[in-house]
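# Need a 3D model of the sequence below.
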Amino acid sequence: MSAVLSDEKEKDTDPQVITECAARLKLSADAESENRKEALYDLRFANGDQWPVDIKRDRDSDARPCLTVNITDAMVRRVTNALRENRPRIKFHPVKDTDIETAKVRDGLMRHIETSSNADYAYDTAVESAVRSGWGYIRVGSRYIDERSFDQDLTIEAVPNQFTYYLDPASTMPDGSDAQWCVASHWMRRDEYKQRYGDRDPKGWQFVGAGEDIKDWSNNEEIRVAEYWRIKLVPERLYLVGDHQGVYGSLYSSEMPTKEQMAKDGLYVIRERPTYRKKVQWFLLSAAKVLDKREWPGKFIPVVPVYGRQTNVNGRIERKGMVRDLRDPARMYNYATTAKTEVYALMPKAPWMIAEGQMEGHEDAWRDANRKPIVALPYKPVQNPDGTMAPPPQRQPPPQPNTGFAEWGDSTKSDFLAVAGMPNDPGQDEQGQVISGVAIKKRQGMSDISHFDFSDNLSRSLRQVGNIISDLIPHFYDTERMQRIIGDDGTPRTVKINEKTAEGKVKNDLTGGLYDSVVDSGPSYQTKREEGAINMMTLLGTPLGETVAAAAGDIVVRSMDFPESDTIADRMAANMPTAQIDKDSDCPPKYQMMIKGLQQQLQQEGQKSMALELELKGRHQNIETQQKGETDRVALKEAAATHRTIIQTDAKKRDTDVNAHVKVHDTTVRAITAHDVAEINQAGSILQTHVAQAHEKEMTREALEDADVASHRVE
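Prediction:
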């Protein structure tokens, strides 16, 4: 991350930094004064201010037309919109000490940076400035992810006004990579300025050049400040250090360990040489104060120019866009159009041949004869001096414009298109002429070649933007954290970067490695997808269509842009072996299919082996079952014999117990029976006694009754 400048002996005071910055700004403004003057004129011209001031003033005073047909801006937009349609993209190629997966993570991180910082606007703004006025700028910055985070994201920022930037005029590289300093001024809200820096120097920055020469350096709402980058070359000594395994690495003298530590680690110096180490410094300045300062990580100034067309004229660099050469052809076309309009507007209509006095009494009708659709025109018959009647009024043919005049107007447009690099414009075809799509594409290709230098210059600048970001990634993405990356198809996903594994390695290590920045230009992924769908549908109508449908039918459907196309493709892919090819794998599809075929064979052989194993296991189980059955039969026999012995023993015991129980039972029964018999005999004896007594009583009663009867008879 960015760190505050450390105290050094060569540390400059605030007045020294401000004086140096102002002097360098003036140096750049003087070196670029002519380019800035012409660039301002180009911008105004493309915006419609195309007539010289004195001519426009004279024509306005005479009430004469002064027309502007702004085809200049239309030509500029044709070029810039073509660049938007085929916007370049930054990618990283590993050089050494890196793996493919980490390079893919870097590419995805680059697309995340571009997406989150609206880099397309920065690219479009820079190339628009380059095409219109000769140059533009892109800058790289950083910002915290949110207010409560210590993690930062790199950003790609737009420069809406290229005249507020002053780059080292000694820079000769087309991407500005060799620039040693840069100054940029911009407005800051006054409340933000006060909150950050208090009431220090409320006047603001006051050193500017052509393009931003305004009268007010501050107002009630804003104050102007300046950013100043410079590269300090710090003298160092470089040491090549080795150990018992070979070369350890190169270290600056400020990075070298102590002699004791080197001896402990087994390090020694192989060779050494004097050198310089780049240190990028950043300052925020007002007119008299250094408001803030930082040491910017990395080795490049994070401002990249995008140039239009450059020419070295006697040691002086002249920069221009496509408007510069269109100014004179556009003036000619505007003048021809204005003159043609003026002539046609003032040219009389079809005149009438009429005798004197024939309009008398009908002046209003004849005055409107060439302006209104009148059914009939009355006239007054007039007699000639010789006594004959004058003929009725007759319409005469209108005057015809000069043929050369019309051709001159058309030739000015042809000259304009030729200078614009678009002489074969499709609109120039004759009416009714049939032009094929292939021919139109070839014509468009010729126009693109005329302006390919703008696209190529943008690619160079974007390559430098990639170099700057690649150099800054180890400083801003140096901790273990979850990071969003974006694939080629625009699909985002989250990965963990700088992840320490159990083996002591680091997965997705963004803190090291060497990468080359490359720029891939062409249509966007969505455009390629739509074009690919059209081409694939055309291919299906050829003799190869059946083969393509069988091998890649899911890809054809997935490339189509309609709802649920992915669902249909997924269902098709489930039944297609070729759909299992991983397009992101480093292994070619041919070998992927060979590997998958071998995997299927191994799987089949594994299934056969499993079946044989199950069969052998079944047989083994049968043998074990038979052996176990024989053992069980022997055991059963022994168990049966033992059981019979136990049963016999139990039977004998039961017999003994029963006999004893029977004897006891018989004795008990006999005793009970004898007791019962004795009781019965005794009860019978008592019963007989009672019966005898009852009989005696009955006999006595009968005897008494008989005695009574006899006594009654006597009486």
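# gap between the closest residue to Thr68 other than its chain neighbours and Asn384?
In this structure, Thr68 finds its nearest non-sequential neighbour in Gln50, 5.2 Å apart by C-beta to C-beta, 6 or more residues apart in numbering. Yep, even glycine has a C-beta here, placed from its N, CA and C like the rest. Gln50 is 57 Å from Asn384, where distance means C-beta to C-beta, to the nearest Å.
# Looking at the two, which is more packed in?
Per other C-beta atoms under 10 Å, whichever of Gln50 and Asn384 has more neighbours is Gln50, with 22 against 10.
# in terms of contact, does that one touch Met332 like I think?
No: judged on C-beta atoms under 8 Å, Gln50 makes no contact with Met332 at a distance of 10.8 Å.
# for the residue nearest to Thr68, helix, strand, or coil?
Three-state call for Gln50 (DSSP: H, G, I helix; E, B strand; the rest coil): coil.
# Quick one: residues contacting it.
Gln50 is in contact with Thr68, Asn70, Thr72, Arg327, Ala330, Arg331, Asn334, counting by C-beta atoms under 8 Å, 6 or more residues apart in numbering.
# same thing with Tyr515?
By C-beta under 8 Å, 6+ apart, the contact list for Tyr515 reads Phe92, His93, Pro94, Val95, Thr98, Ala103, Arg106, Ser470.
# from those residues, which two are the most distant?
Maximum pairwise distance in these, criterion C-beta to C-beta, is 12.1 Å, between Val95 and Arg106.
# neighbour count winner among the two?
Counted by other C-beta under 10 Å, Val95 and Arg106 do not tie: Arg106 has more neighbours, with 26 against 11.
# which one is the more buried one nearest to, not counting chain neighbours?
Here the residue nearest Arg106, using C-beta to C-beta, 6+ apart, is Phe92, at 4.6 Å.
# what's across from that neighbour in the sheet?
Beta-bridge partners recorded for Phe92 (DSSP bridges): Ser517.
# burial of it, as a residue count?
For Phe92, using other C-beta under 10 Å, the count is 24.
# so it makes contact with Val518?
Yes: using C-beta under 8 Å, Phe92 is in contact with Val518, at 7.5 Å.
# hey, what's in contact with both of the two?
Joint contacts of Phe92 and Val518 (C-beta under 8 Å, 6+ apart) are Gly466.
# if we can go back for a sec, contacting residues around the residue nearest to Arg106?
Contact analysis of Phe92 by C-beta under 8 Å, 6+ apart lists Ala103, Arg106, Asp107, Met110, Gly466, Ser470, Tyr515, Asp516, Ser517, Val518.
# of these, closest to Ala418?
Minimum distance to Ala418 across the contacts of Phe92 is 35.2 Å, recorded for Val518 (C-beta to C-beta).
# Name all residues that make contact with that closest one.
Going by C-beta under 8 Å, 6+ apart, Val518 touches Ile90, Lys91, Phe92, His93, Arg463, Gly466.
# and with 6 Å instead?
Going by C-beta atoms under 6 Å, 6 or more residues apart in numbering, Val518 touches Lys91, His93.
# do the same with Leu285
The contact partners of Leu285, taken as C-beta under 6 Å, 6+ apart, are Ile18, Ala226, Tyr228.
# Tyr144: neighbour count?
11.
# For Arg189, see how far away it is.
19 Å.
# just to revisit the earlier point, looking at the contacts of Tyr515, which are in helices?
The members of those that map onto helices under DSSP state H are Ala103, Arg106, Ser470.
# Pick the one among those closest to Lys652.
For these, the minimum distance to Lys652 (C-beta to C-beta) is 95.6 Å, reached by Ala103.
# Skipping adjacent residues, who's closest to that closest one in space?
Nearest one to Ala103, counting by C-beta to C-beta, 6+ apart, is Pro94 at 4.5 Å.
# what about the one you found, how many residues close to it?
Using other C-beta under 10 Å, the number of residues around Pro94 comes to 16.
# and what of Met359?
21.
# mean confidence score for stretch 33-46?
On average, the pLDDT along stretch 33-46 is 92.
# Export it to CSV, keeping only CA atoms.
Output in CSV follows, covering the C-alpha atoms of stretch 33-46 (Å, rounded to 0.1, in the frame of the first residue of the first chain):
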residue,chain,number,x,y,z
SER,A,33,1.8,25.3,-26.7
GLU,A,34,1.3,25.0,-30.4
ASN,A,35,-0.3,21.5,-30.0
ARG,A,36,-2.6,22.8,-27.3
LYS,A,37,-3.6,25.8,-29.4
GLU,A,38,-4.4,23.6,-32.4
ALA,A,39,-6.1,21.0,-30.3
LEU,A,40,-8.5,23.5,-28.8
TYR,A,41,-9.4,24.7,-32.3
ASP,A,42,-10.0,21.1,-33.4
LEU,A,43,-12.4,20.6,-30.5
ARG,A,44,-14.4,23.7,-31.2
PHE,A,45,-14.4,22.9,-35.0
ALA,A,46,-15.7,19.3,-34.4
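# what distance separates that stretch from the centre of its chain?
The chain centroid and the centroid of stretch 33-46 are separated by 36 Å under C-alpha atoms, centre = their mean, to the nearest Å.
# what does stretch 173-190 give?
Here the centre of stretch 173-190 is set off from its chain's centre by 28 Å, with C-alpha atoms, centre = their mean.
# Then stretch 100-120?
Relative to its chain's centre, stretch 100-120 lies at 8 Å (C-alpha atoms, centre = their mean).
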